[in-house]
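**Student:** Quick one: sequence plus predicted model below, questions after.
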Amino acid sequence: MAGPALKSFGHSALVALGIASVTSLPFTAPLISPNHEFIYHHVGSATPVFLFVTLGFCLSWLLFTVLLWVAERIRWIFLVVWFIILLSLPYALIRGIAFFAKVDLPHGLIPYEAIVCLLVFPAIMSIVFALLWRRQSAVFFRHLQPFVEGVFQFTSLFGLMVLGNLFWLGWQARNLNEPRQLHQSTSASSASVATRNMHPRIIWLLLDELSFDQVYDHRFAGLDLPAFDQLAATSTIFTHVVPAGTRTDRVIPSLFTGIPLDDIHSSPDGQLRALHDTASGSWQPFDTHQTIFQDALDRGYKTALSGWFNPYCRILAPVLDSCFWTYRTAYPLWNVVAPAWKNGLAQEKSSKHIDDYQDLLAAGDALLTNPSLDFAFVHLPIPHPGAIYDRHRRAITTNGGSYIDNLAFADLYLAHFRQILEQNGQWNSSIVIVMGDHSWRTFGWRGLDSWTAEDELASHGGKFDDRPAYILKLPNQQTGASINTRFAAKDTRALLDALLDNRLHTTADLQAWVDEQNP
């Protein structure tokens, strides 16, 4: 009897492997998908994540094996097991394929409450069927069983590939965020202190999702942004900026390299490997030394960066003298299983957002107060939704709010940013660029649970204005100005090169330079 039982258990294990490979897709896809997007943005060690997902996959395989083996021996649960398996597949397939295809699922495609219903309701109904119409239902499923099991036996090959990829990619990412050797300026390769003091300090502040329309063009009624107004009084505002894209992980490399791009390719070890050039339609390798930071080093500057979301210290280490980055994100597993408790998920996201901001605030302050770091890039996660600030209570919060609240918070940071530079005698003499990577992406946020009535009103019903804010203060500039001609954000590297070369001294110089970019 041991032989048939063992054979039956092996058959169940083979079928169960196919089932586990499909039902686990929402958890395994982020780690095995060819774009490696999760690993690229992961800030901690990757090994625990791979171990956790691999263990979960193996446990689900074991669970399905036992359930199928028992179902063959206890007839009344046969229908229950197969009902639950078959009705859980569509959701798993949709989520998994979306990860592989790099498609953002429409909000509410399968509500979390529906997931619970898909699991609980079929189980209850299956028990009812099994008890009331046991014979008829069993006959039907017995005829269907060979075909279904054959499909899953074939799918088990994919399960073996999943396991193999988890082990291989986990090995590739084992050193994901170990400290990298940064660029180290030497007397032979950098200018002397006296020479560095002859050129103006350049400070580039990127506020994520900062909208020109909301800051300067059609400001929300009653919203005060005194720091942005003060900046405009002695700076040049670009009113017609053509964004480099709408996704930060694409936009930032475009700003750094000057290449118009619409896609990137990262490697299993979390490096940025290739950029897709929209002008030529071809892929080209990402070269750290073909960025604005290398340009600055070549001109005797010391480079520094404090940033959010993108793995700056991993992909730019050779051209940075100082670096800090962070991006706390829950593994997609949390996004799949947690939110029958939506408020809990929203507060968890807000808490991570706040932690990122506070870490970047401290790192940015350290960078700004060190005048020897004279080419500095600071990227903060505000006013990016969801809201982490209540402007009415003037307090950081995890209970949500609107984009307008976060915009008021960005104004507070800008005042803090300016105060630090003024206290250190660095404001008037420095070149300061304040910009958004892209505008407020109303097309993506509208309809989400975090979208508020105030968001709806401020955006005029979700209208998308694609212009990011873009403000430039030249050294000792005392009057405000505007550039109303078209300016492509991808030309930021070229603009910074002109500033590094000390070719732009007045707003008239700046206007003439922009005109040259638009023949």
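**Tutor:** Arrived safely, thanks for sending.
**Student:** F38: neighbour count?
**Tutor:** Neighbourhood size, F38 [other C-beta atoms under 10 Å]: 20. Heads up, the C-betas are built off the backbone N, CA and C, glycines and all.
**Student:** Next: K302.
**Tutor:** Neighbour count for K302, taken as other C-beta under 10 Å: 21.
**Student:** how about the closest residue to it other than its chain neighbours, what does it touch?
**Tutor:** For K302, ignoring the flanking residues on the chain, the nearest one in space by C-beta to C-beta, 6 or more residues apart in numbering is D321 at 4.7 Å. Going by C-beta atoms under 8 Å, 6 or more residues apart in numbering, D321 touches 182-185, 302-304, 373.
**Student:** repeat for M435
**Tutor:** With C-beta under 8 Å, 6+ apart, M435 has these contacts: 204-207, 210, 241, 468-471, 489, 492.
**Student:** re earlier: which of the contacts of D321 fall in strands?
**Tutor:** Among the contacts of D321, DSSP state E puts 303-304 in strands.
**Student:** Among the contacts of D321, which one sits closest to P385?
**Tutor:** The nearest member of these to P385, counting by C-beta to C-beta, is A304 at 27.8 Å.
**Student:** Output the contacts of D321 as TSV; include the columns distance to S280.
**Tutor:** Converted to TSV, the contacts of D321 look like this (distance: C-beta to C-beta, whole Å):
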residue	distance to S280
L182	32
H183	29
Q184	35
S185	34
K302	34
T303	28
A304	32
L373	35
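**Student:** pLDDT check: weakest of the contacts of D321?
**Tutor:** Among the contacts of D321, S185 carries the lowest pLDDT, at 65.
**Student:** Just the buried positions in the helix ranked longest in the chain, please.
**Tutor:** Ranked by residue count and defined by DSSP state H, the top helix of the chain is helix 134-172. For helix 134-172, a neighbour-count test (16 or more other C-beta atoms under 10 Å) marks 137-138, 141, 148-149, 152, 155-156, 159, 162-163, 166, 169-170, 172 as buried.
**Student:** Please apply the same query to stretch 40-54.
**Tutor:** Buried residues in stretch 40-54 (16+ other C-beta under 10 Å): 40-43, 46, 49-50, 53-54.
**Student:** Distance from that stretch to the middle of the chain?
**Tutor:** Between the mean C-alpha location of stretch 40-54 and the chain-wide mean there is a distance of 16 Å, by C-alpha atoms, centre = their mean, to the nearest Å.
**Student:** Could you do stretch 247-256 as well?
**Tutor:** Its chain's C-alpha centre lies 12 Å from the corresponding centre of stretch 247-256 when counted by C-alpha atoms, centre = their mean.
**Student:** CA atoms only for that stretch, dumped as PDB, please.
**Tutor:** Listed next in PDB are the C-alpha coordinates belonging to stretch 247-256 (Å, rounded to 0.1, in the frame of the first residue of the first chain):
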ATOM      1  CA  ARG A 247       7.900  58.700 -14.100                       C
ATOM      2  CA  THR A 248      10.600  59.700 -11.700                       C
ATOM      3  CA  ASP A 249      12.800  56.700 -12.500                       C
ATOM      4  CA  ARG A 250      12.900  57.800 -16.200                       C
ATOM      5  CA  VAL A 251      12.900  61.600 -15.700                       C
ATOM      6  CA  ILE A 252      15.900  61.800 -13.300                       C
ATOM      7  CA  PRO A 253      18.300  59.900 -15.600                       C
ATOM      8  CA  SER A 254      17.100  62.100 -18.500                       C
ATOM      9  CA  LEU A 255      17.900  65.300 -16.400                       C
ATOM     10  CA  PHE A 256      21.300  63.900 -15.500                       C
END
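**Student:** domains of this structure?
**Tutor:** For the chain, automatic domain parsing gives the domain ranges 2-172, 196-516.
**Student:** most tightly surrounded among those?
**Tutor:** domain 196-516 (a mean of 19; mean count of other C-beta atoms under 10 Å).
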